[in-house]
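Trainee: Have a look; sequence and predicted model below, questions after that.
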Amino acid sequence: MIVNPDNVDEGLAFTLVGCPLAEYAKKNGYSHLMPHLCSLDHVYAKLMHTKLIRNHTVAQGADSCDYWYVPDKGETIG
């Protein structure tokens, strides 16, 4: 995990390098379920009164998942 890789001033940002869930899903033929699992991150963000700004995930073929949680009342567009 890399904390605040882009030095943002608002919210909480980190990059998760690799994903054990995506690796397990790929190995066992469940990759088609990963977009649904990854979309839950946005649901959890909403429950925390934040919004998740994300550009890529391991499930989409990237080598990492980016997370940037900002206040849901904030002006950050992302």
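Mentor: Okay, I see it.

Trainee: Can you classify the residue nearest to the spatial centre of the chain as helix, strand or coil?
Mentor: For the chain, the residue nearest the mean C-alpha position is residue 67 (4.2 Å; CA atoms, centre = their mean). Under DSSP: H, G, I helix; E, B strand; the rest coil, the three-state class of residue 67 is strand.

Trainee: I'd guessed it sits against residue 52; true?
Mentor: Yes: with contact defined as CB atoms under 8 Å, residue 67 reaches residue 52; the gap is 6.4 Å. C-beta coordinates here come from the backbone N, C-alpha and C atoms, glycine included.

Trainee: Please enumerate the shared neighbours of those two.
Mentor: By CB atoms under 8 Å, 6 or more residues apart in numbering, residue 67 and residue 52 have these common neighbours: residue 41.

Trainee: which residues of this protein fall in strands?
Mentor: For the chain, the strands defined by DSSP state E cover 2-3, 12-17, 50-53, 64-71.

Trainee: what's the average pLDDT for the shortest one?
Mentor: Looking back up the chat, that one is strand 2-3. Mean pLDDT, strand 2-3: 94.

Trainee: what pairs with it, and is each one parallel or antiparallel?
Mentor: According to DSSP bridges, strand 2-3 forms sheet pairs with strand 12-17 (antiparallel).

Trainee: Let me see the mean pLDDT of the partner strand.
Mentor: Taken as a whole, strand 12-17 has a mean pLDDT of 95.

Trainee: now swap in stretch 25-41 and tell me
Mentor: The pLDDT scores in stretch 25-41 average 94.

Trainee: got the buried residues for it?
Mentor: In terms of neighbour count (16 or more other CB atoms under 10 Å), stretch 25-41 has its buried residues at 25, 34, 38.
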